[in-house]
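In: Structure of the sequence below:
(3 chains, ligands or ions: 1)
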Amino acid sequence: MTTREQFLGRLRSATGERAPADTTGEPVPPVRYAVDRSGLTGFTESWTALGGTVETVTDLEAAAAAVEAWTAGKGPLMVVNHPDLAGVPRDIDWPDCDLDVAPDAGCGVVRADAAVAQTGSVVVSSTTNHGRSVSLLPLNCVFVFRRDEIVDDPGDILRADFGPDGPPSQLVLIGGPSRSGDIEMSLTTGVHGPGVVHAVVVTG
Amino acid sequence: MSGPRTGGGDSSPVTVFSTCTVDTVGPDVATCTLNLLRRLGFDARLVRGATCCGQPAWNSGFGTEARRVARRTVKALTRTEGPIIVPSGSCATMIVHHWAELFSGDRLARSAAAVADRTEELSQFLDRRGLADSLPERTGDTASTTVHDSCHGLRGLGIKGESRRLLAAIGTPVTECGTAERCCGFGGTFSVKMPAVSAAMADEKLDDMVASGVSRVVGGDLSCLMQLEGRARRRGLDLEFRHLAEVLDGADPDQAATEGDRR
Amino acid sequence: MTPTVDSPPVSVPVHFIDRADRALHDEQLRAAVRHATDLLMKGRQVALGGLEDSDVVRDEARRIRSRVLSRLPDILDRWATNLEARGGHVHWATDADEAVEIILDIARRRGARLLVKGKSMASEEIHLNSALEARGHEVVETDLGEFIIQLAGETPSHLIAPAIHKDRYDVEKLFTADAGHHVGPDITEEAGYARRRLRSSFLEADIGISGVNCAVAETGTIGLVENEGNGRLCTSVPPVHIAIMGMERIVETWEDLDVILSLLARSATGQPLSVYTNLITGPKRPGELDGPEELHVVVLDNGRSAALGTEYAEILNCIRCGACLNVCPVYRQVGGHAYDSVYGGPIGAVLTPLLNPASPGGRELPEASSLCGACAEVCPVRIPLDDMLLRLRHRDARADSSRMRRLGFSAWSWLWATRPGYALSTAAARRSRGLASRLPSRGWLGAWREFREIPPMGRRDRRSRP
Ligand code: SF4
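Out: This next block holds a predicted model:
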């Protein structure tokens, strides 16, 4: 089997001179967009254009009520065990549950770390949410976050300092419902991931 | 036809390089280019002794052969005066952008570079010097016209608005087709190495032209026009194909039609 | 499920021109390709308009990719060290066989029965599915388009829209056969079937396989973008995740990644970002209930390093957006299968001869272009694809061309290197035009006349006028 040294050695002989590995050259300027989008208005515009829905509430208590109302009748409710979601009633308490029951959930509720106004993305980390399934397996998904967690551009997330622990095992930017155009380029939603997505933004 | 206005040229010398395609299949394009430039007041002359820019061989991967031919053309053009005007975006691109590589290390490299510096495609030359306003306006010409942007003119030289501005100046409105910038399928030897694909490419443009209701297609490259016209004739489509130089010079299409064996 | 990979093989013609011919007679295919590529190009245009100045961003992206390429070994080294520190395993595969061996080894060790796959061109490149199936493993493609063509026993025909050559009625037949009951032709119903059908595969799978769109060296991250969520499922649900990564699919920093991502989905599908931008750094961590216990990344050379340090090196800057396919007038007429290569369209016509110089496609595909340059014009990282096609023609012309062709160009060049030779031959050509359109003809003239008339372009001889 080829070792790293052998593999990279072959590349080195092809690329020539060895350059120091820790210089990144010139700084990379931020990506500039045609239209500035920011805050709740910007996020709402982009997220709804992608097919998501948004609801604003003033505090966590109201958020819990909003989640409960939206998820009613959408099947077993799986909720991430996060202090901000403590008020949300649940059928499955993630991760204090058996992994086998996760596929049965009809609706997931996660605490999004942030949202991006420019692209209408919610940012979901496997650290905050103790894994990945809650925002992935159910057909419906609610993302709860605070208004001041909305950043302008993807660069505000991607260029952030992840600290000594580095990025989480999975950081995902989610832009609306799962979609596919693989049959006749015709748009269908929910082909694998959640097909109905809702953002609950806490403004207080 | 309103009276010809002259101007701009000041009897300054310009050289027309007719290109091998024009010499082989459409010498009238050279005639029209010369007439046009002379009417605009230039002392326009056809280069003597030039042959081909070498592109057919170059694009097929035969550099030595391409250079052998292009050297003849460099030598001939070196002896001429003033801007070199080429009624072809494709040949002009070859000279301006590819000769440096073609002649790299060659004895004629510097001459080739000097020739390339003087070379301009026809519509580019006219437009850059603001000669549109000096062109004779033709009020009687009502043929519904579209422009085909040849790939090398468009992407190699950045020619797009030039032909439209010039046509507008002679009173010919242009109907834009959605496929104006798409390749006609000629591609030199591509047209005969992959004839079916090449024809399919032409067909899509022709269908678009017919659907747009135009009756005349104007282009800056005879090779594209030959491809499109050859296919249109095979399909029995009622479309007329004219080089920009012919239209600007006001060459009478009817006269041409009597000479051609139009079906 | 038994994917119908061993359904009766349809013989594939050896030459591009014959495969193209077959495609030209397939009206459904051509209409589908036109429809898809038109939509994608329109989307691209709108999406690039979302950037203040897409040309500036494209220049930046090209700079980033070229910087990475010039220091690729060090950047890969750093990335591997960082990923291993996060508990990931990095494997180095010189060629396709080695990559397959590595993956088979993991599958054997894990006693894997079922593997689920997200879309990965690198896995196509190493023909992974057939190798796994030969050893008794079951592989299920989970991207909707890939699932469709797996059922059909075919290969992808487009980088990002693998099943554009199939319509809802084709899917109806395939899904109905797979389900044992009627499914379709309503597209929503078909997609719903795929969701249910593939969901059980995800939950049962022992290993998930994915590609990599862009790794990030500074944190040992791999990035995977997709719209359906199947990529996220493949990399989250099964206990083992194996990612196959072309060795050049990497950037140095997250700043770099920001720029690349701002162009990738815009150029590919006309989206500001794909629905899922999955950024994975190692296997699951303590406190996480799900996620793979093992993460393996197989770094694939498979001929790529031969392009490093050459005039073709820039082809490794490709971010596989597919825009060059969508704009290519040749691809538009014949679709992806005519290229008979993992990579079709302009990128395939350049990459195939470099990765696989001895294959028939390696020699032929550079000819499958009119050199119109539309590909280079849309490439987000500004790869001069048409220049490279031309260079490949120069590389191969002498060795490959028929004797006739070499002699022809040689004779032509001597003739046109002289004034009399040129004058005589052009005059002869003008005079014989009438004759040429009547005589039975072979060779190039015959090829011209097969589809076209010889137009009466010489309306007036220039010597007849001043
Ligand atoms: S060559 Fe350029 S346009 Fe083509 S797939 Fe690669 S990045 Fe996209």
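In: alpha carbons only for contacts and neighbour counts from here, please
Out: Noted.
In: For chain A, what's its nearest residue on the stretch 1-150 of chain B.
Out: B:Glu101 (24.0 Å; CA to the nearest CA).
In: so how many other residues sit close to that residue?
Out: 11 (other CA atoms under 10 Å in any protein chain shown).
In: What's the local residue count around C:Gln333?
Out: 26.
In: residues in contact with it?
Out: B:Val197, B:Ala200, B:Met201, C:Ala23, C:Leu24, C:Arg30, C:Val33, C:Arg34 (CA atoms under 8 Å, 6 or more residues apart in numbering or on different chains).
In: pLDDT at it, what is it?
Out: Note on C:Gln333: pLDDT of 95.
In: just the one 5 residues further on next, same as before
Out: Turning to C:Ala338, the model gives it a pLDDT of 92.
In: any idea how far it lies from A:Ser169?
Out: 41 Å (CA to CA, to the nearest Å).
In: Comparing the two, which residue is more hemmed in?
Out: Using other CA under 10 Å as the criterion, C:Ala338 and A:Ser169 rank with C:Ala338 on top: 26 against 23.
In: residues contacting that one?
Out: C:Phe16, C:Arg19, C:Ala20, C:Ala23, C:Gly344.
In: try 6 Å this time
Out: C:Phe16, C:Arg19, C:Ala20 (CA atoms under 6 Å, 6 or more residues apart in numbering or on different chains).
In: Now, these that are in strands?
Out: Counting by DSSP state E, no part of the contacts of C:Ala338 is found in strands.
In: if we look at chain A, which of those are close to it?
Out: Counting by CA under 6 Å from any CA of the partner chain, nothing from those sits close to chain A.
In: how many other residues sit next to residue 48?
Out: Just going to use chain A. 17.
In: not quite, I wanted chain C
Out: 24.
In: Tell me, what's the model's pLDDT at it?
Out: For C:Leu48, pLDDT reads 97.
In: Kindly provide the distance from it to chain B.
Out: 19 Å (CA to the nearest CA, to the nearest Å).
In: now do C:Ala313
Out: 19 Å.
In: thought that residue was touching C:Ala306?
Out: No: contact between C:Ala313 and C:Ala306 fails when scored by CA atoms under 6 Å: they sit 8.6 Å apart.
In: Wait, C:Met247 touches C:Val298, no?
Out: No: using CA under 6 Å, C:Met247 makes no contact with C:Val298, being 8.9 Å away.
In: Which stretches in the chain count as strands?
Out: Defaulting to chain A. Counting by DSSP E, the strands of chain A are A:53-57, A:77-80, A:92-94, A:107-111, A:114-116, A:121-125, A:140-146, A:150-151, A:170-174, A:179-180, A:188-189, A:196-202.
In: that's the wrong chain, I meant chain B
Out: Under DSSP E, chain B gives strands at B:13-16, B:43-46, B:84-86, B:119-121, B:145-148, B:216-219, B:240-243.
In: ok, back up a step: nearest to the ligand, of the contacts of C:Gln333?
Out: C:Val33 (16.4 Å; CA to the nearest ligand atom).
In: Got phi/psi on that closest one?
Out: phi -70, psi -40 (degrees, to the nearest 10).
In: The one 4 residues further on too?
Out: Geometry field for C:Thr37 lists phi and psi as phi -70, psi -40, criterion degrees, to the nearest 10.
In: can you count the residues close to the closest residue in space to it that isn't next to it in sequence?
Out: Excluding the flanking residues, the one nearest C:Thr37 by CA to CA, 6 or more residues apart in numbering or on different chains is C:Asn326, at 4.7 Å. C:Asn326: 30 surrounding residues under other CA under 10 Å.
In: and the helix or strand containing C:Asn326, is it in reach of the ligand?
Out: Here C:Asn326 sits within helix C:323-327, counting by DSSP states H and E. Yes: contact between helix C:323-327 and the ligand, assessed by CA under 6 Å from any ligand atom, occurs at C:Ala323, C:Cys324.
In: what stretches of the stretch 351-466 of chain C score poorly on pLDDT?
Out: Residues of the stretch 351-466 of chain C meeting the criterion pLDDT under 70: C:400-401, C:437, C:440, C:456-466.
In: just the strands in it please.
Out: Per DSSP state E, counting those that start in this stretch, the stretch 351-466 of chain C carries no strands over any range.
In: Among the contacts of C:Gln333, which lie within helices?
Out: Among the contacts of C:Gln333, the members found in helices (DSSP state H) are B:Val197, B:Ala200, B:Met201, C:Ala23, C:Leu24, C:Arg30, C:Val33, C:Arg34.
In: Could you identify the buried members of the residues you listed?
Out: B:Val197, B:Ala200, B:Met201, C:Ala23, C:Leu24, C:Arg30, C:Val33, C:Arg34 (16 or more other CA atoms under 10 Å in any protein chain shown).
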